[in-house]
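Participant: structure for the following, please:
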Amino acid sequence: MCERTLVTEGGVAGFPALRYPHVFLSGSQELQVWDITTAIKLRTIRTSICRYQLKNQFLFVLNKQADVELFKVSEVLSDRDYDDLWRRKISWRTGRSSGETIPRFSVGLSRLLITQPTKSGREFVTIVRMC
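Facilitator: Next up is the predicted model:
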């Protein structure tokens, strides 16, 4: 039995995330946050989005080759103005040329694990400690 259906404008890239009753949907240039029960869009985060992940109370958005932006989920789901949201940026530099491939990342308790495939078939692995 289908519980809810949501129709959005434009395409959805990547994987949707569900933190019921909220749905996170990414396009190439924005992340939309919806209340699925009311079909109301709560927020649009406009940035280049390669990947994103929800982990505990934080939303991690990979928006460049070597930058992850953190948001507090509770504030993203609130009616606060976008400019008033708490956010932090984590950047790392690997010495690799940007644009080769889009990295994947996983969030641990205090570290980010970033893997980036290379054209030679190897993986370039970076661990970033969050302080």
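Participant: burial measure for the closest residue in space to Leu85 that isn't next to it in sequence, as a count.
Facilitator: Closest residue in space to Leu85, ignoring its immediate chain neighbours: Glu75 at 5.0 Å, by C-beta to C-beta, 6 or more residues apart in numbering. Using the backbone N, CA and C atoms, a C-beta is placed for each residue, glycine as well. The local packing count at Glu75 equals 17, with neighbours defined by other C-beta atoms under 10 Å.
Participant: so Val76 sits against Arg43, correct?
Facilitator: Yes: contact criterion C-beta atoms under 8 Å: Val76 and Arg43 qualify, at 6.0 Å.
Participant: coming back round to it: quick one, phi psi at the residue nearest to Leu85?
Facilitator: As for Glu75, its main-chain torsions (degrees, to the nearest 10) stand at phi -80, psi -40.
Participant: I figured it hits Asp83, correct?
Facilitator: No: using C-beta under 8 Å, Glu75 makes no contact with Asp83, being 11.6 Å away.
Participant: overlap in contacts, Val76 and Arg43.
Facilitator: In terms of C-beta atoms under 8 Å, 6 or more residues apart in numbering, Val76 and Arg43 are both contacted by the residues Val33.
Participant: next up, phi/psi of Tyr82, please.
Facilitator: Backbone torsions of Tyr82, given as degrees, to the nearest 10, read phi -60, psi -40.
Participant: kindly state the pLDDT recorded for the residue most central in space within the chain?
Facilitator: Compute the mean C-alpha point of the chain, and by C-alpha atoms, centre = their mean the closest residue is Tyr52, 2.0 Å away. Taken from the predicted model, the pLDDT recorded for Tyr52 is 88.
Participant: check the gap between the closest residue to it other than its chain neighbours and Trp86 for me.
Facilitator: Among residues not flanking Tyr52 along the chain, Val61 sits closest, at 4.7 Å (C-beta to C-beta, 6+ apart). Using C-beta to C-beta, to the nearest Å, one gets 14 Å for the distance from Val61 to Trp86.
Participant: same question, Ala17
Facilitator: Distance, Ala17 to Trp86, using C-beta to C-beta: 19 Å.
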